[in-house]
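Participant: Predicted model and sequence below, questions to follow.
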Amino acid sequence: MHRRETHVVIGAGVAGCLSAITRSRAGYQVVVLERERARSAGTYPVCTQTSNIVSENHSGAEYPFDPQSARDCLDGRIENERFFPELIYGGKTYSRIIASRSMMDDGHDIVGQCRANMRVIQGHYADRCAQDPADAVFGDPADICREIPTVPGVRDVAAAFLTPQRGMNPVLVSAVLDWELRSGGVDFREGATVTSVTPLADGRYEVAYRAADGTPETVVADQVSLCAATAAFGMAKRLNPSITFPKLFLALREILYVDLPDGTDKNFTCLKLEDSYGGMLSPLNEGCAMIYHPPAAHIMNVVMDPESCDFPEEYTRYLAEGHPEKEKRAAWTLDRLREFYPELRRSTILGTYLKVAINTVSDSRVRRNMGVFPVRSGCTMSVLPKWTMCAVNARKEVTLALEHSVASGRLDADEARELAGHAMRRCLDPLPDWARDPGSTTARAAAHAVNMNVPQVLAQRFAPGHTAATPTRGTV
Ligand SMILES: Cc1cc2nc3c(=O)[nH]c(=O)nc-3n(C[C@H](O)[C@H](O)[C@H](O)COP(=O)(O)OP(=O)(O)OC[C@H]3O[C@@H](n4cnc5c(N)ncnc54)[C@H](O)[C@@H]3O)c2cc1C
């Protein structure tokens, strides 16, 4: 690169972290501005907001009602398989998708729907492998999805499926991202709330922010990446008033962490479909699980104002003060899921979280992928309706950034192609000493659990060989 460009990334959820990591690997000087502050010494406050409750690296198996969502998720899953190390799974194996017996009894053919979706996943994976054998990251296409007779220890099962979907542990994800940001020499400014982004006459941007001590600061950037979740829409609109977004639905959701005083025989996520019949049990280790029951979790859904792109006022209040039905809905979730998952019999609630899910449709069973928005020359926006699309989006974003450098005459096209490949290489390669040592890994993850305001017990990983109930097949 003729002159080292400075790039500012706004927001350090998973979208912002991947933007910063890939841009730094591509040779840019990267500054991350993140509003939150770390509560653990020696850590960056990464994934402290929506990204702190993510548990599934989707493969499309959970979306049997929309083939395009299934294909998008599988694309995301393939890219994630290359980008993230095994460590993020914390000993969890592949998720089980479960069709409910009671739903079949009520006349809804959820089993047929799931089987059809497995064929969509299988067909799409076969196409990807045919186009590029390097995409065969889950082995033989014939083996990628499998119907299994049942899932022991789950009630109300009409059919069960083993797929490439896999549950991960969000505190381990943060430990990995923190390491990569430091390894890439990213200038991480915490407690930095961005207040404006202004284009300059020379094509650069002035990013103004309020620093942790309240003082106004600015940084001038050659390129900017807007990764501030819902706040990013307004930033983009102010930079380019003619930009259009799809109709955006902001769904207020509730999700819980519970303890498992009797342990669990499952080292995988159980995803029981669908709505009132359904619910997720996602054990993070033998002592703690995340649970979700759609009718209790889906509190409300509002459309974002397409002009102001403002966050609805009541959401700001609910997120800050809680929702009046928060406890009632949490108890409802636990009560209902006890009917399916016996290990919840004596569980108590460790934490209840209200979050906003972004979607382009009102139906949570159809979760579209929004991609990366080119906002204006040298400025992109990446907002993730789904974590699963994070590496796909990061690849697109770093490619756009490199193309901009080529167009500005700072980089030649061959160099850009090489840097794009380098930017997407796997994390923790080579494996650092701390990642080889279970005690050090747990300590890092526990420090992030404090930042992320989630129970510290999350930092524990499943003991190796935790369960004998894991079916084996191919590479999956
Ligand atoms: C209940 C629930 C469960 C989910 N489960 C899954 C799942 O299992 N799998 C899946 O694929 N997806 C899941 N999702 C979706 C997933 O959570 C999101 O797609 C993803 O976490 C969004 O990441 P992000 O980086 O875009 O946003 P965030 O993680 O919210 O990060 C945005 C960051 O920007 C910062 N910020 C905001 N404004 C400013 C500002 N002005 N200045 C500086 N910084 C700012 C914030 O502090 C924050 O750190 C779930 C969503 C919900 C609501």
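Facilitator: Structure received.

Participant: how near is Leu411 to Glu403?
Facilitator: Shown here: Leu411 relative to Glu403, a distance of 9 Å by Cβ to Cβ, to the nearest Å. The way it works is simple: take the backbone N, C-alpha and C, and place the C-beta from them, glycine included.

Participant: Oh, that last question was meant for Asp433, not what I typed.
Facilitator: Taking Cβ to Cβ as the measure, Asp433 and Glu403 are separated by 37 Å.

Participant: Leu411 and Glu403: which has the busier surroundings?
Facilitator: For Leu411 against Glu403, the residue with the higher neighbour count under other Cβ atoms under 10 Å is Leu411, and the figures read 22 against 15.

Participant: The more buried one against His404, yeah?
Facilitator: No - in terms of Cβ atoms under 8 Å, Leu411 does not count as a neighbour of His404; the distance is 9.1 Å.

Participant: any idea whether Asn80 is helix, strand or coil?
Facilitator: What DSSP: H, G, I helix; E, B strand; the rest coil gives for Asn80 is helix.

Participant: tell me the contacts of it?
Facilitator: Contact partners of Asn80, counting by Cβ atoms under 8 Å, 6 or more residues apart in numbering, are Asn57, Thr388, Cys390, Ala391.

Participant: Secondary structure, neighbour count and pLDDT added to the residues you listed, as a markdown table?
Facilitator: What follows is these, written out as a markdown table (DSSP: H, G, I helix; E, B strand; the rest coil; neighbours: other Cβ atoms under 10 Å; pLDDT from 0 to 100):
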| residue | secondary structure | neighbour count | pLDDT |
| --- | --- | --- | --- |
| Asn57 | strand | 27 | 96 |
| Thr388 | helix | 27 | 96 |
| Cys390 | helix | 26 | 98 |
| Ala391 | helix | 24 | 98 |
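
Participant: which ones among these come in contact with the ligand?
Facilitator: Restricting the contacts of Asn80 to those touching the ligand (Cβ under 6 Å from any ligand atom) yields Thr388.

Participant: Between the contacts of Asn80, which sits nearest the ligand?
Facilitator: Nearest to the ligand among the contacts of Asn80: Thr388, at 3.8 Å, using Cβ to the nearest ligand atom.

Participant: I'd say that closest one and Asp75 touch.
Facilitator: No - with contacts defined as Cβ under 8 Å, Thr388 does not count as touching Asp75, sitting 9.1 Å away.

Participant: For Glu190, see how far away Ala38 is.
Facilitator: 6 Å.

Participant: okay, and the common contacts of those two?
Facilitator: Common contacts of Ala38 and Glu190, defined by Cβ under 8 Å, 6+ apart, comprise Tyr44, Pro45.

Participant: Flag every residue of the protein that's near the ligand.
Facilitator: Applying the criterion Cβ under 6 Å from any ligand atom, the portion of the chain that neighbours the ligand consists of 10-16, 33-36, 47-51, 53-56, 58, 193-194, 227-229, 231, 253, 255, 355, 357, 383-388.

Participant: From these, which land in strands?
Facilitator: Counted as lying in strands by DSSP state E, out of those, are Ile10, Leu33, Glu34, Glu56, Thr193, Val194, Arg253, Ile255, Lys355, Ala357.

Participant: Could you check how far the fifth one is from Val219?
Facilitator: Counting by Cβ to Cβ, the gap between Thr193 and Val219 amounts to 13 Å.

Participant: what is in contact with those two at once?
Facilitator: Overlap of the contact sets of Thr193 and Val219 (by Cβ under 8 Å, 6+ apart) consists of Leu33, Tyr209.

Participant: where does this protein have low pLDDT?
Facilitator: Under the criterion pLDDT under 70, the flagged ranges of the chain are 1-2, 467-476.

Participant: ok, which stretches of the stretch 151-300 of the chain are helices?
Facilitator: Listed from the start of the chain, the stretch 151-300 of the chain has helices (DSSP state H, counting those that start in this stretch) covering 170-183, 230-239, 294-297.

Participant: Just tell me which of the ones you listed ends up closest to Leu344.
Facilitator: Within the helices of the stretch 151-300 of the chain, the stretch nearest Leu344 is helix 294-297; the backing value is 13.9 Å (Cβ to Cβ).

Participant: contacting residues around the closest one?
Facilitator: Helix 294-297 is contacted from outside by 253-255, 274-276, 278-279, 329-330, 332-333, 336, 364, using Cβ under 8 Å, 6+ apart.

Participant: Nearest to the spatial middle of the chain, which residue is it?
Facilitator: Closest residue to the average C-alpha location of the chain: Trp387 at 2.2 Å, with Cα atoms, centre = their mean.

Participant: Count the neighbours of the closest residue in space to that one that isn't next to it in sequence for me.
Facilitator: For Trp387, the nearest residue in space outside its immediate sequence neighbours is Val54; the separation is 4.4 Å by Cβ to Cβ, 6 or more residues apart in numbering. By other Cβ under 10 Å, the residues close to Val54 number 24.

Participant: Contact partners for Val54?
Facilitator: By Cβ under 8 Å, 6+ apart, the residues touching Val54 are Val14, Met168, Pro170, Val173, Trp387.

Participant: Out of these, name the two that are farthest from one another.
Facilitator: Considering Cβ to Cβ, no two members of those lie farther apart than Val14 and Met168, which are separated by 10.8 Å.

Participant: Which one's more surrounded, these two?
Facilitator: Set side by side, Val14 and Met168 show more neighbours around Val14, with 28 against 22, by other Cβ under 10 Å.

Participant: pretty sure that one contacts Cys390?
Facilitator: Yes - under the criterion of Cβ under 8 Å, Val14 lies in contact with Cys390, with a separation of 4.8 Å.

Participant: Overlap of the contact sets of those two?
Facilitator: Between them, Val14 and Cys390 share the neighbouring residues Leu384, with contact defined by Cβ under 8 Å, 6+ apart.

Participant: State the distance from Gly203 to Met103.
Facilitator: Using Cβ to Cβ, one obtains 56 Å as the distance from Gly203 to Met103.

Participant: Have a look at these two and say which one is more surrounded.
Facilitator: Neighbour comparison, Gly203 and Met103: the larger count goes to Met103, with 22 against 13 (by other Cβ under 10 Å).

Participant: The more buried one touches Ala158, doesn't it?
Facilitator: Yes - using Cβ under 8 Å, Met103 is in contact with Ala158, at 7.3 Å.

Participant: what is in contact with those two at once?
Facilitator: Residues touching both Met103 and Ala158 by Cβ under 8 Å, 6+ apart: Ile110.

Participant: Skipping adjacent residues, who's closest to Phe304 in space?
Facilitator: Not quite, residue 304 is Met, not Phe. What sits nearest to Met304 in space, not counting adjacent residues and going by Cβ to Cβ, 6+ apart, is Leu248, at 4.1 Å.
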